[in-house]
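Trainee: I'd like to go over a predicted model; first the sequence, then the structure.
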Amino acid sequence: MTVYMVERDLKGISMEALGDAQKAAISKAAEMTSNGTDISYLRSTFAPEDGRCMCLFDAASDVDVKRLNDDAGLPYHRIVPALDLAP
């Protein structure tokens, strides 16, 4: 499994809509996992001043991460492999 970072521009999003997007990512990851595609939503960091959002997923491929975000209707600019440096 590899950690992937999904970069998003969510300028102007409400906190309610941001929470709904997070719930959609979590739900879609659970659905995909139950259907045989191992993928996990890890966490997000959001900078409200400029709307940048970085979401981390643990998955076998960037294709799986792309499919999750597309199926959940979540906008993104790019998906890249990343290092999760949490202690």
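Mentor: Yep, that arrived. Owing to the predicted nature of the structure, the values given are computational and were not obtained by experimental measurement.

Trainee: Look up how far Asp71 lies from Asp20.
Mentor: Asp20 sits 15 Å away from Asp71, going by CB to CB, to the nearest Å. (C-beta placed from N, C-alpha, C; glycine too.)

Trainee: any idea how far Met5 is from Ser14?
Mentor: 23 Å.

Trainee: do Ala72 as well
Mentor: Distance from Ala72 to Ser14, by CB to CB: 18 Å.

Trainee: Of those two, which one has the most company?
Mentor: Neighbours around Ala72 and Ser14, counted as other CB atoms under 10 Å, are more numerous at Ala72. The numbers are 18 against 9.

Trainee: So what does that one look like in phi/psi?
Mentor: The phi/psi pair for Ala72 (degrees, to the nearest 10) reads phi -80, psi -10.

Trainee: So for the longest helix along the chain, what gets flagged as buried?
Mentor: Counting by DSSP state H, the longest helix found in the chain is helix 15-34. Burial within helix 15-34, assessed by neighbour count using 16 or more other CB atoms under 10 Å, is assigned to 18, 21-22, 24-25, 28-29, 32.
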